[in-house]
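Trainee: No letters, just coordinates:
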């Protein structure tokens, strides 16, 4: 396992935020296409997280309703 002591956490994370990616494009370290891919990937990941949250909330509410109806019997 690689030791990341030479890179502070904020430096590693900066590549994954909008400002860090823009700096990489400006410095010609990544292409605009690579930056666009990273943006699309992040958006899709966020969308999937929202869908997961909605799924779990719905399942929780259904379980809660089911539990209440069993208690009434």
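Mentor: That came through fine. Small disclaimer: the values here were computed from a predicted structure and weren't measured. Residues are numbered from 1 along each chain as shown.

Trainee: For the chain, give me the ranges with low pLDDT.
Mentor: Segments of the chain classed as low confidence (criterion: pLDDT under 70) are 1-16, 69-73.

Trainee: In it, where's the longest helix?
Mentor: Longest helix in the chain, counting residues (DSSP state H): helix 32-72.

Trainee: Show me what that helix is packed against.
Mentor: Judged by 3 or more Cβ pairs under 8 Å, 6 or more residues apart in numbering; DSSP states H and E, the packing partners of helix 32-72 are helix 18-26. Bear in mind the C-beta positions are built from the backbone N, C-alpha and C, glycine included.

Trainee: Which elements pack onto the helix it packs on?
Mentor: Counting contacts by 3+ Cβ pairs under 8 Å, 6+ apart, helix 18-26 packs against helix 9-14, helix 32-72.

Trainee: Turn these into TSV, including mean neighbour count.
Mentor: Formatted as TSV, these follow (neighbours: other Cβ atoms under 10 Å):
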stretch	mean neighbour count
helix 9-14	10
helix 32-72	10
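
Trainee: looking at these, which is closest to residue 20?
Mentor: helix 9-14 (3.6 Å; Cβ to Cβ).

Trainee: give me phi/psi at residue 30?
Mentor: phi -130, psi 160 (degrees, to the nearest 10).

Trainee: What's the separation between the spatially closest residue to it that is not a sequence neighbour and residue 48?
Mentor: With Cβ to Cβ, 6 or more residues apart in numbering as the criterion, residue 30 has its nearest non-adjacent residue at 4.5 Å, and that residue is residue 24. Plainly put, residue 24 is 25 Å away from residue 48 if you go by Cβ to Cβ, to the nearest Å.

Trainee: Name the SS class of residue 28, please.
Mentor: Assigned with DSSP: H, G, I helix; E, B strand; the rest coil, residue 28 falls in the coil class.

Trainee: Cool, thanks, signing off.
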